[in-house]
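Asker: can't give you the sequence, but here's the structure:
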């Protein structure tokens, strides 16, 4: 299948790319490298022992998108491109709405122009907001608590309306919980620009000596140890979910939202302890105030993914920490250098 992958050089995109190539798909990566590196794509080629097409461009650039679609003629799209930091979205909401919402609208317009009917969208559990009940299932009310979550919610609704207006279209909205970990090779992994916004890359940069200590945003939540609890999922499991979703989209029309998580959770303190065990390093931390937009607990109901996609997560928190440390210790400064 010919698949256009927006944001394919990013953390989740690059790991999914390996899976796509190993399955023999023909891929075009479309990325502006705003929070990624072309080096990731070079390493993917080596890991998968396969080549693919690359186009540097922004999803807000309708002309560039149109050129890419015209030359590659994709049969489906995996849409990862977008800004993704909760804290930053509170500071720069207009940038988030422009990139995530307006960019996605441009992408859908070009897809329709070129009669590309299938899309797998990188959504987020942040669309749910504060829990009315746990675990979150796909029918949980959607009341996101930050601009990032609202952009994901709005794009979901736009895609839902788009598929409703085009009877032959198929869309799978994958609501990620907390992706972590790295490819077992240690050659690719999460490499955020600037200060990490997510817990595990923050921990790993402290463990490798890039940062002095971890800042914990709140230890007064109603959880078993006061710190936030999250459903962490290994990025390799998440990549497999995308393969299952694109295969499912071939046999169906309409729009389906599907959680992608493990169904279990770990607190910040528990993740620190697990990472210290995997790395053999001490992770010093200090506790600060809560961060705007964060929720106390986030756990996934995962039965729909198993029922529709035949998919279930296989890898553990220990696997997540081990592969993250393998990546970070072999690449202390990510894809760059000090």
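Answerer: Right, received. Where do you want to start? All values derive from a computational prediction rather than experimental measurement.
Asker: next helix or strand past the least confident helix or strand in the chain by mean pLDDT?
Answerer: Counting by mean pLDDT, DSSP states H and E, the chain has its least confident helix or strand at helix 86-91, which shows a mean of 89. Using DSSP states H and E, the helix or strand that follows helix 86-91 in sequence is helix 93-96.
Asker: which is the next helix or strand following that following helix?
Answerer: helix 103-113.
Asker: returning to what we had before: starting at the chain centroid, how far to the least confident helix or strand of the chain?
Answerer: 17 Å (CA atoms, centre = their mean, to the nearest Å).
Asker: helices or strands next to the longest helix along the chain in the packing?
Answerer: Counting by DSSP state H, the longest helix found in the chain is helix 147-165. In terms of contacts (3 or more CB pairs under 8 Å, 6 or more residues apart in numbering; DSSP states H and E), helix 147-165 is packed against helix 86-91, helix 93-96, helix 103-113, strand 118-124, strand 170-176, strand 254-260. Just so you know, the C-beta spots here come from the backbone N, C-alpha and C atoms, and that holds for glycine as well.
Asker: all strands for this structure, in order.
Answerer: Here the chain has its strands, by DSSP state E, at 2-6, 26-31, 53-56, 76-79, 118-124, 170-176, 178-180, 214-217, 229-230, 232-234, 254-260, 266-267, 285-288, 297-298.
Asker: and of the ones you listed, who's closest to residue 12?
Answerer: Closest of these to residue 12 is strand 178-180, at 5.8 Å (criterion: CB to CB).
Asker: Ok, which of the strands of the chain comes nearest residue 47?
Answerer: Judged by CB to CB, the one of these that comes nearest to residue 47 is strand 26-31, at 13.9 Å.
Asker: if we can go back for a sec, give the buried residues for the longest helix of the chain.
Answerer: 147-156, 159-160, 162-163 (16 or more other CB atoms under 10 Å).
Asker: And for stretch 209-224?
Answerer: Under 16+ other CB under 10 Å, the buried positions of stretch 209-224 are 211, 214, 216, 217, 218, 219, 221, 223.
Asker: And stretch 101-120, by the same measure?
Answerer: 101, 103-108, 110-111, 114, 116-120.
Asker: from the residues you listed, which is closest to residue 17?
Answerer: residue 120 (13.1 Å).
Asker: hang on, the closest one packs against residue 249?
Answerer: Yes. The pair residue 120 and residue 249 qualifies as a contact (CB atoms under 8 Å) at a distance of 6.6 Å.
Asker: shared neighbours of the two, which are they?
Answerer: Residues touching both residue 120 and residue 249 (CB atoms under 8 Å, 6 or more residues apart in numbering) are 76, 171, 172.
Asker: you'd agree residue 192 is up against residue 201?
Answerer: Yes. Applying CB under 8 Å as the test, residue 192 and residue 201 come out as touching, 5.6 Å apart.
Asker: between the two, which one's more packed in?
Answerer: Applying other CB atoms under 10 Å to residue 192 and residue 201 shows that residue 201 carries more neighbours, namely 22 against 18.
Asker: For residue 132, see how far away the closest residue in space to the more buried one that isn't next to it in sequence is.
Answerer: Nearest residue to residue 201 in three dimensions, chain neighbours excluded: residue 190, at 4.7 Å (CB to CB, 6 or more residues apart in numbering). Distance, residue 190 to residue 132, using CB to CB, to the nearest Å: 31 Å.
Asker: the more surrounded of these two?
Answerer: Taking other CB under 10 Å, residue 190 and residue 132 do not tie; residue 190 has more neighbours (23 against 10).
Asker: hmm, back to that, could you check the angle strand 118-124 makes with the longest helix of the chain?
Answerer: 160 degrees (axes from the mean of the first three to the mean of the last three CA atoms, to 10 degrees).
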